[in-house]
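Trainee: Just need the structure, nothing else, for what follows:
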Amino acid sequence: MKRIFTLFTALFVISFISHAQTTLEEYNYITKGYKVQIESGLDMKKGYTLKDLGDWGLTFGAEVRNVAFKGLYRSNETKPCAIMMIYKRTDISTGAIYYICIPHPKSDESIWKSTLDFVNTNTSEKNTSMSTTMIWALMKFASQEATQ
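Mentor: Residues are numbered from 1 along each chain as shown. The predicted structure is shown next:
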């Protein structure tokens, strides 16, 4: 009986911990799948909802930059499994848009590394407007979340 209880407890803890993490499938949905969904007019990914969490932007002369945050929620969960950060440059005809995944804090390090790699690749000394806008929006988002 003690073994069954121990096994049940271990499975429950593993299930709880793994449930909180951002999975690779969720990471790929945020960074690639959502764009396809929007462009193709597809329905929301089954078993998930998105909630708007805030929107902030900056203007650099004629350059207009904006960052929006959306929480990705699994059905019947009250905390997001990941945050989608959507960076937009709206002052050019191509309308550059990037979809960045901010993983759940308990996510695997490989998921976090993928996000860091994206940021390192796309924000450089040549693209200070992008990095400044992202930092500004992240500060605003953190301040908003800290006061709720």
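
Trainee: pLDDT below threshold where in this structure?
Mentor: In the predicted model, the chain carries pLDDT under 70 at residues 1-20, 92-94, 126.

Trainee: let's see 90
Mentor: The model of the chain has pLDDT under 90 over residues 1-20, 59-64, 89-96, 119-132, 145-148.

Trainee: what's the helix or strand for Pro121?
Mentor: Careful, residue 121 is Thr and not Pro. Taking DSSP states H and E as the criterion, Thr121 maps to helix 109-122.

Trainee: what's the nearest residue to Gln108 if we skip its chain neighbours?
Mentor: I think there's a mix-up here, since residue 108 is Asp and not Gln. Spatially, and ignoring its direct neighbours in sequence, Asp108 is nearest to Gln21 (6.6 Å; Cβ to Cβ, 6 or more residues apart in numbering). The C-beta positions use only the backbone N, C-alpha and C, and glycine is treated the same way.

Trainee: How many neighbouring residues does the residue nearest to Ser129 when sequence neighbours are not counted have?
Mentor: Nearest residue to Ser129, sequence neighbours excluded (Cβ to Cβ, 6+ apart): Phe60, at 4.9 Å. Using other Cβ atoms under 10 Å, Phe60 has 12 neighbouring residues.

Trainee: What segments of the protein are strands?
Mentor: For the chain, the strands defined by DSSP state E cover 48-60, 63-74, 82-89, 97-103.

Trainee: Let me have those in a markdown table, extended by distance to Ile135.
Mentor: What follows is the strands of the chain, written out as a markdown table (distance: least, Cβ to Cβ, whole Å):
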| stretch | distance to Ile135 |
| --- | --- |
| strand 48-60 | 10 |
| strand 63-74 | 10 |
| strand 82-89 | 11 |
| strand 97-103 | 13 |
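
Trainee: closest one to Thr115 among the ones you listed?
Mentor: strand 97-103 (5.7 Å; Cβ to Cβ).
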